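K.L.:
I'll drop the sequence and a predicted model, then ask my questions.
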Amino acid sequence: GAVVSQHPSWVICKSGTSVKIECRSLDFQATTMFWYRQFPKQSLMLMATSNEGSKATYEQGVEKDKFLINHASLTLSTLTVTSAHPEDSSFYICSARDRGRTLNEQFFGPGTRLTVL
Amino acid sequence: AQSVTQPDIHITVSEGASLELRCNYSYGATPYLFWYVQSPGQGLQLLLKYFSGDTLVQGIKGFEAEFKRSQSSFNLRKPSVHWSDAAEYFCAVGGLNTGTASKLTFGTGTRLQVTL
């Protein structure tokens, strides 16, 4: 149980285009999802917290207009990288918290590798 | 503010040798502690977690970790390392409940290399 999927697993796009990444909780409902960014050989950095039906909360230094987050249902959150540039190339990982659990546990997706040419 | 320190960036051990990865945390209340493993290009896999009870916790793949409140440490151990254990290991800390301090803070990771 507690499986999180991400789609696509990898994407290559041209500079200036927008890319959407999906994060789904497959066997549980997630009122809260988190988006992380990981540069090569570095740790995970939290970008934003996504709550179902409300606006996402962004961490300091993360451009909300650049990284659009939508959490329209209890099983799906999307991250859209708008007008992507090479410096946005990174590994993006989402996690989800099961609404049925009171403890603070996050279940992680497999990640999406974004390469911007 | 919560923080996690993994002092060892890179560790190399021989297959069959024992392993200990260090993790020190800073958290103002009862911490919820985690160890994750990440293979190259992959997501995170939970090895084990701790928030109460026996301070020695068992995880998957033969890993265990010991919580020492007095030292603010949560070190990961394995008695005999296998070549397949080569990966990046992350320690993380967060609040116990979903209502408060629900963010996870990760350490910078320790890259484990296993020699045959």
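P.N.:
Right, received. Where do you want to start? For clarity, every value in this text was computed on a predicted model and none was experimentally measured.
K.L.:
so for chain A, the centremost residue is which one?
P.N.:
Centroid check for chain A by Cα atoms, centre = their mean gives residue A:35 as the closest residue, at 3.6 Å.
K.L.:
distance-wise, check it relative to residue B:18.
P.N.:
Look at residue A:35 and residue B:18: by Cβ to Cβ, to the nearest Å, they are 37 Å apart. (Glycine included, C-beta is placed from N, CA and C.)
K.L.:
what ranges does chain A have for its strands?
P.N.:
Applying DSSP state E to chain A gives strands spanning A:4-7, A:10-13, A:19-25, A:30-38, A:44-51, A:57-58, A:67-73, A:76-81, A:90-98, A:107-108, A:112-116.
K.L.:
which one of the ones you listed lies closest to residue B:64?
P.N.:
Relative to residue B:64, the nearest member of the strands of chain A by Cβ to Cβ is strand A:107-108, separated by 21.3 Å.
K.L.:
which strands and helices sit next to the closest one?
P.N.:
Applying 3 or more Cβ pairs under 8 Å, 6 or more residues apart in numbering or on different chains; DSSP states H and E, we find strand A:107-108 packed against strand A:90-98.
K.L.:
show me the shaky parts of chain B.
P.N.:
Along chain B, the parts satisfying pLDDT under 70 run over B:97-101.
K.L.:
spatially central residue in it, please.
P.N.:
Here the mean C-alpha position of chain B is nearest to the C-alpha of residue B:35 (Cα atoms, centre = their mean), at a distance of 3.2 Å.
K.L.:
how close does that one sit to residue A:4?
P.N.:
On the measure of Cβ to Cβ, residue B:35 and residue A:4 end up 18 Å apart.
K.L.:
picking that back up, name the nearest residue to the residue nearest to the centre of chain B, ignoring sequence neighbours.
P.N.:
Spatial nearest neighbour of residue B:35, excluding adjacent residues (Cβ to Cβ, 6 or more residues apart in numbering or on different chains): residue B:47 at 4.4 Å.
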